[in-house]
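Engineer: Model the structure of this input:
(chains A and B)
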Amino acid sequence: MDLSKLKKRASYPFENIGVAIGFSPNLEAILSEAKMLADVLNANLFLFHIGEKTSEKEEALEIILKKLGIDSRKVRTMWMDGDPVDTLLKLCKLNIIDLLVMGALKKENLIRYYLGSIARSFSRRAKCSVLLLTKPTMPARKPKKVVVNGVDNPKTFHTINTSFYLSRSLGINDIAIVTENHMPGLAMTIAESSTAPEASKIKKEYSEQETNKLHSIVEKCQREGLNVKEKVITGKPGYAIRAYAESRKADLLVINSPDTQLNILDRIFTHDIEYILEDLPCDVLIVHSRV
Amino acid sequence: MASLSHDDLIILLVSISVMLIVSRIVAEFLKQFKLPVVMGELVVGILLGPTILGNFFPELFNSIFPAEGNVPIALDGIFSLSVIMLLFVAGMEVQLPLVLKQGKIAVYTSVFSMIIPFVTGFVIASYFPHWFGIPEDQKLLFSLFFGTALSISALPVIARILIDMNLFRTQVGLIIIASAMFNDLLGWLIFSFILGLVNSSSDNSAVFYSLGYIIGFGVLMLTVGKKIINKALPWVQTKLSWPGGVLSISLGICLLCAAYTQSINIHAILGAFIAGIAVGDSVHLHEKAREIIHQFVTNFFAPLFFVSIGLKVNFITQFDFTIVTIIMVLAYIGKVAGASIGAYLGGMNKDLSMAVGFGMNARGAMEIILGTLALKAGLIKEPVFVALVIMALVTSLTSGPLMRRFIDKDKKKQVSEEEEDVFTYI
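Structural biologist: Numbers count the residues shown, from 1 in each chain, chains lettered A, B, ... in the order given. Here you go, the predicted structure:
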């Protein structure tokens, strides 16, 4: 494989879709969702299993693939030993994977969350987009409601465009682009030296600024033919959009990949993407824009 | 149970109402000239205290603010409660995730803006304790305090300046806010340790106990405590009366933590400050509840506390020009250099780094609280306290205009660079 292709590779289309296989009870449903995506997006399918290759596992996989109508000669299945996260990262890089599909629990127990489960650890470090499926179904169901982050960040433009590409391909027509208005330190300052009208004026101005910023980002994206709502919500970044996706009963939440390498401190002093990984509100697509 | 007499109660109520009403009027007047509220409250303290009222109308002064009896004890209790509440709300605005989120620049800025002023203050106070009227045997504690006093920042003043300059939501603004939050946390931790040393015996093990207790309490409250509060708040806010429930529980947690740190010989302020961080960081704390707590503390307890400063100290007789000049020069050099170097090393350009340096230089109310507690603990003498108050006010007043100079300079440079690009293109 030519690794130079990875550099500056666009965040979409998803030409190569990988699936992390764990032989859990959800495997069939996860593969069914991945097949649906690969069919719709006309993508190549790669199956990765980190662990021992046994004849039982091979047989079980063969049966599921047959049941789902996946031609095993058309998919590449790779079996490798090693640290699950590191090996998956390596496999994705070597195979120029654009999107890795994984199953993930909605909420991990506290110890597993802090130590880092495979799906969450991979999501923090991935160099490709990641789709975390919390409730994969058999047969696969296309998402109907999508919430996309619209935060002020260079990555957002690519994330929104990727969500539009996916929405067009899957026929989704309920898309909400959401940005969070968070003003640390403002309550204290307003309490000290602002009259009520001044305080509301400041808050209104900040909300308007966010609305304008969001609108200018969305306007630059390719939104033709899509029903897109723009919304500014108040609250802590990450937590507010999680709560919004939950309250809206969204099927898919699309967010930017993390800006920095996240570690345990980011989980203790939770912020941004960590609020989402702490408790996945629905299926989550983390877009790696490679910018 | 002992209680205040009929007359004592009347005097207490009159003194509180005089402080509240006069300070509000003066603060509102000064606000017209863009001067900070805390300045108005300090001015009222000076007017009502021994400096003016006590000097010209001693009888009236003694009848409103008697020096003996039950009233000063009751007032002292209220002032102590005020400082605890002030530290609680200061903690509520400290959001450590913001520091992590802002990454390298915020970490560099906050670390350098702490280390350089701290070292500057510590070294000068260690070598020249006589400049500040400190005997040789007390120089270590004073040096530690002086380093901390020079390194602290005042988030509310800084935030106000940023709002007025329309920089609150910009990258520079967020870096300053995040760094000031981190400064506050470290500053109050170090200061609590120093107060712990003052209160403890000279035994070396007591020092380690103090340090261990502070670290243990901080870590426990900011991890387990924070999680418990975060889990409990939705229940408190939906099942109990609103906003009474959340107010009582939050303030109750604050007082409980304050009582705990006081009981282990670390000052009550640390407990209140850490409780503030744990409560304020909760995603479930409604913005309205946060505002109500701030309004209550800032408009009732803060004026009482800041006016009380003027009631205790005579700002004219205790004014020492040399000490004021030394503290002022050290404050500017240490903080501006520290924060600017940090921001520059973090990746900001020269002008914006200087803007961050001057932004972080505002000391405001936090410095005054720190000075008051140090004076009460016997760490500093009155002339040093007066100098710290003056430094806090001057740095707060000059921070905005000096910051503006460098922001404008940066903007001009950007415009001229863009024009150059256009010219080259043509």
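
Engineer: and after the helix or strand where residue B:290 lies, which helix or strand comes next?
Structural biologist: Residue B:290 belongs to helix B:287-296 when elements are defined using DSSP states H and E. Where DSSP H and E defines the elements, the next helix or strand beyond helix B:287-296 is helix B:302-312.

Engineer: Do any residues in the helix or strand following that next one lie close to chain A?
Structural biologist: Once the chain leaves helix B:302-312, the next helix or strand it forms, by DSSP H and E, is helix B:321-346. No: using C-beta under 8 Å from any C-beta of the partner chain, helix B:321-346 stays clear of chain A, coming no nearer than 13.1 Å. Placement of C-beta: from N, CA and C, glycine included.

Engineer: From the contact counts, what lies against helix B:321-346?
Structural biologist: On a contact count with 3 or more C-beta pairs under 8 Å, 6 or more residues apart in numbering or on different chains; DSSP states H and E, helix B:321-346 meets helix B:104-127, helix B:139-151, helix B:171-199, helix B:350-360, helix B:382-425.

Engineer: Which elements pack onto the longest one?
Structural biologist: When contacts are defined as 3+ C-beta pairs under 8 Å, 6+ apart, helix B:382-425 sits against helix B:37-48, helix B:155-164, helix B:321-346, helix B:350-360, helix B:364-376.

Engineer: sorry, back to before: show me which positions of the helix holding residue B:290 end up buried.
Structural biologist: By neighbour count on 16 or more other C-beta atoms under 10 Å in any protein chain shown, the buried set for helix B:287-296 is B:289, B:290, B:291, B:292, B:293, B:294, B:296.

Engineer: now, among the residues you listed, which is nearest to chain A?
Structural biologist: Nearest to chain A out of the buried residues of helix B:287-296 is residue B:294 (C-beta to the nearest C-beta; 3.6 Å).

Engineer: how about stretch B:118-132 as CSV, C-alpha atoms only?
Structural biologist: Taking Å, rounded to 0.1, in the frame of the first residue of the first chain, the C-alpha atoms of stretch B:118-132 are listed here in CSV:
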residue,chain,number,x,y,z
PHE,B,118,6.9,33.6,42.8
VAL,B,119,10.7,33.3,42.5
THR,B,120,11.0,37.1,42.1
GLY,B,121,9.0,37.7,45.3
PHE,B,122,10.6,34.9,47.2
VAL,B,123,14.2,35.9,46.4
ILE,B,124,13.7,39.6,47.1
ALA,B,125,11.9,38.9,50.4
SER,B,126,14.6,36.4,51.4
TYR,B,127,17.5,38.7,50.8
PHE,B,128,15.9,42.0,51.9
PRO,B,129,13.3,41.2,54.6
HIS,B,130,14.1,44.5,56.3
TRP,B,131,12.6,46.4,53.4
PHE,B,132,9.3,45.0,54.5
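
Engineer: coming back round to it: for residue A:62, which of the helices and strands packed on helix B:321-346 is the nearest?
Structural biologist: helix B:104-127 (49.7 Å; C-beta to C-beta).

Engineer: List the buried residues of that closest one.
Structural biologist: B:105-118, B:120-122, B:124-125.

Engineer: and if you look at stretch A:235-250?
Structural biologist: Under 16+ other C-beta under 10 Å, the buried positions of stretch A:235-250 are A:235-245, A:248, A:250.

Engineer: which of those lies closest to chain B?
Structural biologist: Using C-beta to the nearest C-beta, the buried residues of stretch A:235-250 come closest to chain B at residue A:239, 4.4 Å.

Engineer: can you pull the contacts of the closest one?
Structural biologist: Taking C-beta atoms under 8 Å, 6 or more residues apart in numbering or on different chains, we find residue A:239 in contact with A:270, A:275, B:283.

Engineer: Out of those residues, which one has the lowest pLDDT?
Structural biologist: Least confident of the contacts of residue A:239 in the model: residue A:270, at 84.

Engineer: element containing that one, please.
Structural biologist: Per DSSP H and E, there is no helix or strand for residue A:270.

Engineer: so who does it touch?
Structural biologist: Counted by C-beta under 8 Å, 6+ apart, residue A:270 has contacts A:238, A:239, A:278, B:97.

Engineer: go on, residue B:81?
Structural biologist: Residue B:81 neighbours (C-beta under 8 Å, 6+ apart): residue B:301.

Engineer: do that again at 6 Å, thanks
Structural biologist: Shown in contact with residue B:81 (C-beta atoms under 6 Å, 6 or more residues apart in numbering or on different chains): no residues.

Engineer: what about residue B:382, distance to chain A?
Structural biologist: 27 Å (C-beta to the nearest C-beta, to the nearest Å).
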